[in-house]
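Asks: 3D model of this:
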Amino acid sequence: MRSITTWLRIEPQSDAIPPGPDTALQARISDPAWMLGRQWQLGELTGDDAGSPVGVRLRAAAAPLTRLQCGGPDGEVQEIDPTDPLEPLVQAEAGQAATWSAAVAGGKHFLRALELAGLDGLTPALRDAFPVLDPDPGGRDPLVRRRFRVLRREGIDGNALRAAVRGPDGEPRLPQHPQVQQAQQDAFLDVVRRWLAWHPDPPAGAGTAWVPERFEYRFAVAATDPVAGSDVVLEAPEFRGGRLDWPDLRAADAARVLTAATATEPVPLLHSSLPTRATYPGMPANRWWEMEDGDVSYGHIEAEGGDLARLMAIEFATVYGNDWFLAPCDVPYGSVAVITSLVVTDTFGGATLIGPAVHDGWNMFGLSGIRPHILVTLPVLGPTLEGSPVEHVRLARDEAANLAWGIERTFTNVTGEVVDRHEAWRDRIAASVTAGMPTPDDAMRYILANDPPDYWIPLVPTADGHRSIRLQRGEIVHGDGQAFPASGDLLMPGQPLAIFDEEVPRSGLQATRSWQFARTVTGGCWAWIVRRVRPDRGEAASGLRFDELTAE
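Replies: Prediction:
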């Protein structure tokens, strides 16, 4: 009688009390015959003629990534140095060095450098020539006014000074005012040279990779194929900020070409080495009678019948975990490498030509739409230091009000201070309640529309004429006639903003701006503001109501 037998899960079992795979995986010594039987059961007595790899010879060629295009296909193409990190070039903001707080900080640093050089006698004249400008001429923000009254007496405008002492070629020069004496000019120019190196120009194309209507970065990099000679264009159409690595890229269409003014020669690579086994914590031993890491017990891993990912991880660790070898090869930093041949020699002297690991559309360490033997090494940074967010905005949907909201929790004012708009709103409400007039107990009041919190910026659904919906930023005028528009850079106050409707899911988004600092492989320093977009925790309820009659 024929039958079909299937197994959903196969694992060793034990009749001991308590039963379980942890007992069955133990190797308790009973007698030599039992030990030989156990070795036979595990296949240790079975031999074959498979040799171990003892030599690797790799031939490849590499070409540097020399072109960057921020934004869409219509963006300007700029040539970049392959040693410059890509993350600051893409994520840096154009106006971060031209703000009032940056001007005050730069001026303070210059005055400190003058003092260390013994030129502090020029400080009063510099304060008269480059005074700190008033960031709030209308005097509407008391915090800004207090900060300005303190800093205008001791600081200078670093941005105005930078324009005066930086020549057209980037070299330092003497300002027209104040006049620097002949004996102090060399020392003054040395201070200016070091200060300009500390206060460099923003990267070319800064701020153009951010797509505000999509709340994401968009850019493309290109190199010349070192073997075929054609262009290899890699694009990141939906980069949400943060750490950048090769999985964030994909191959662009063949019609997209980033032209270059200068051509680069490929670098040939020839590498020979002795392969070593790939190891990791908790790796199973090669033989049964060998001590293993006691902190890892695969028998105690719990997995249901349908938990395929966990079962595959266990199977890989216990069956194939010791079948991998490493043969590291150094490639140029920030390049596209093409492997032309990989030959492995085993212990029997046999040579095997290894091809790319491609199986049914899947390949390891390869990008979508690109040949499988091309490896991309992006010029990215290592560990970075990230500060607290200087701006925090939530994009949330409100189905009851048929709106979406840009909830601006914090932003940075003109003086560089982080303002909590929620706390400011609570203080304003408390002050208005205290100053309000008492009303009779039986008084009724009609409210055309109640006031949502003033830091909730409405995003109104609007048809754009192309069968799609945009969330257009607006503002709510409160009952007292006062409007509270957006204040931070993410919601772009004073500029039109219409976010695509599909970019704000029901779970919402969280967008932040924060400073990052990192060092490059050559020892240089980079500091920039990065924008990150992450999923939020769900919808929001503003409590917006219309035509309401309430009793006081």
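Asks: who's the closest residue to Glu539 other than its chain neighbours bridged to?
Replies: The shortest distance from Glu539 to any non-neighbouring residue, by CB to CB, 6 or more residues apart in numbering, is to Arg397 (5.2 Å). (Glycine included, C-beta is placed from N, CA and C.) Beta-bridge pairing for Arg397 (DSSP bridges): Ala404.
Asks: what's the average pLDDT for stretch 539-551?
Replies: Mean per-residue pLDDT for stretch 539-551: 73.
Asks: same check, this time on stretch 223-234
Replies: Here stretch 223-234 scores 86 as its mean pLDDT.
Asks: distance of the residue nearest in space to the middle of the chain relative to Val380?
Replies: Centroid-nearest residue in the chain: Gly242, 0.9 Å away (criterion: CA atoms, centre = their mean). As judged by CB to CB, to the nearest Å, Gly242 and Val380 stand 11 Å apart.
Asks: next one: Leu353
Replies: Separation of Leu353 from Val380 (CB to CB): 32 Å.
Asks: one more: Arg513?
Replies: To Val380, Arg513 is 20 Å away according to CB to CB.
Asks: between the two, which has more neighbouring residues?
Replies: Of the pair Arg513 and Val380, Arg513 is the one with more neighbours under other CB atoms under 10 Å, namely 22 against 16.
Asks: kindly state the beta-bridge partners for the more buried one.
Replies: Counting by DSSP bridges, Arg513 is bridged to Glu391, Arg531.
Asks: follow-up on the earlier one: what is the burial count for the residue nearest to Glu539?
Replies: For Arg397, the count of nearby residues is 22 (other CB under 10 Å).
Asks: and for Glu171?
Replies: Neighbourhood size, Glu171 [other CB under 10 Å]: 12.
Asks: for the closest residue in space to it that isn't next to it in sequence, what is the enclosing helix or strand?
Replies: Distances taken as CB to CB, 6+ apart place Arg193 nearest to Glu171, at 8.0 Å, with adjacent residues excluded. Under the criterion of DSSP states H and E, Arg193 resides in helix 185-198.
Asks: pretty sure Gln472 belongs to a strand, no?
Replies: Yes. Using DSSP: H, G, I helix; E, B strand; the rest coil, the assignment for Gln472 is a strand.
Asks: for it, name its beta-bridge partners.
Replies: Gln472 has the following beta-bridge partners by DSSP bridges: Val460, Ala498.
Asks: residues contacting it?
Replies: If you count contacts by CB atoms under 8 Å, 6 or more residues apart in numbering, Gln472 has them with 459-462, 496-498.
Asks: circling back to that earlier point, could you dump the helix holding Arg193 to PDB, C-alpha only?
Replies: Backbone C-alpha positions of helix 185-198 (Å, rounded to 0.1, in the frame of the first residue of the first chain) are rendered in PDB as follows:
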ATOM      1  CA  GLN A 185      49.400  91.300   9.000                       C
ATOM      2  CA  ASP A 186      51.300  87.900   8.700                       C
ATOM      3  CA  ALA A 187      50.000  86.700  12.100                       C
ATOM      4  CA  PHE A 188      46.400  88.000  11.200                       C
ATOM      5  CA  LEU A 189      46.400  86.200   7.900                       C
ATOM      6  CA  ASP A 190      47.600  83.000   9.600                       C
ATOM      7  CA  VAL A 191      44.700  83.200  12.000                       C
ATOM      8  CA  VAL A 192      42.300  83.800   9.000                       C
ATOM      9  CA  ARG A 193      43.700  80.800   7.100                       C
ATOM     10  CA  ARG A 194      43.200  78.400  10.000                       C
ATOM     11  CA  TRP A 195      39.700  79.900  10.700                       C
ATOM     12  CA  LEU A 196      38.600  79.500   7.100                       C
ATOM     13  CA  ALA A 197      39.700  75.900   7.200                       C
ATOM     14  CA  TRP A 198      37.600  75.400  10.400                       C
END
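Asks: which is the next helix or strand following it?
Replies: Beyond helix 185-198 on the C-terminal side, the first helix or strand identified by DSSP H and E is strand 210-211.
Asks: hey, what's the spatially closest residue to Thr259 that is not a sequence neighbour bridged with?
Replies: Nearest non-adjacent residue to Thr259, counting by CB to CB, 6+ apart: Val77, 6.2 Å away. Assessed by DSSP bridges, Val77 has beta-bridge partners Gln69.
Asks: cool, Thr352 as well?
Replies: Val344.
Asks: just the pLDDT at it, thanks.
Replies: At Thr352, pLDDT is 91.
Asks: and if you look at Ala463?
Replies: pLDDT, Ala463: 87.
Asks: my read: it touches Ile469, true?
Replies: Yes. Counting by CB atoms under 8 Å, Ala463 touches Ile469, with 6.2 Å between them.
Asks: who's more crowded, those two?
Replies: Using other CB under 10 Å as the criterion, Ala463 and Ile469 rank with Ile469 on top: 15 against 10.
Asks: hang on, the earlier thing: does the residue nearest to Glu171 touch Arg173 like I think?
Replies: No. Counting by CB under 8 Å, Arg193 does not reach Arg173; the two are 10.2 Å apart.
Asks: now a PyMOL select for only the buried ones of the contacts of Gln472.
Replies: Burial among the contacts of Gln472 is assessed by 16 or more other CB atoms under 10 Å; the matching PyMOL selection reads:
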select buried, resi 459+497+498
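Asks: ok, the contacts of Gln472 vs Arg147, which is closest?
Replies: Nearest to Arg147 out of these is Leu497 (CB to CB; 28.6 Å).
Asks: and the helix holding Arg193, what other elements does it pack with?
Replies: Applying 3 or more CB pairs under 8 Å, 6 or more residues apart in numbering; DSSP states H and E, we find helix 185-198 packed against helix 100-116, helix 158-165.
Asks: now do 7 Å
Replies: helix 100-116 (3 or more CB pairs under 7 Å, 6 or more residues apart in numbering; DSSP states H and E).
Asks: and Phe365, how far from Ala337?
Replies: Using CB to CB, Phe365 is found at 11 Å from Ala337.
Asks: if you could redo that for Gly538, that was the one I meant.
Replies: Taking CB to CB, one finds Gly538 at 44 Å from Ala337.
Asks: wait, is Glu423 part of a helix?
Replies: Yes. Assignment of Glu423 by three-state DSSP places it within a helix.
Asks: give me the neighbour count for it.
Replies: Neighbour count of Glu423, defined by other CB under 10 Å: 12.
Asks: who's in contact with it?
Replies: Glu423 makes no contacts at all, as judged by CB atoms under 7 Å, 6 or more residues apart in numbering.
Asks: quick check: next helix or strand after the lowest-mean-pLDDT helix or strand in the chain?
Replies: Least confident helix or strand of the chain, by mean pLDDT, DSSP states H and E, is helix 21-24 with a mean of 56. Moving toward the C-terminus from helix 21-24, the next helix or strand (DSSP H and E) is helix 32-41.
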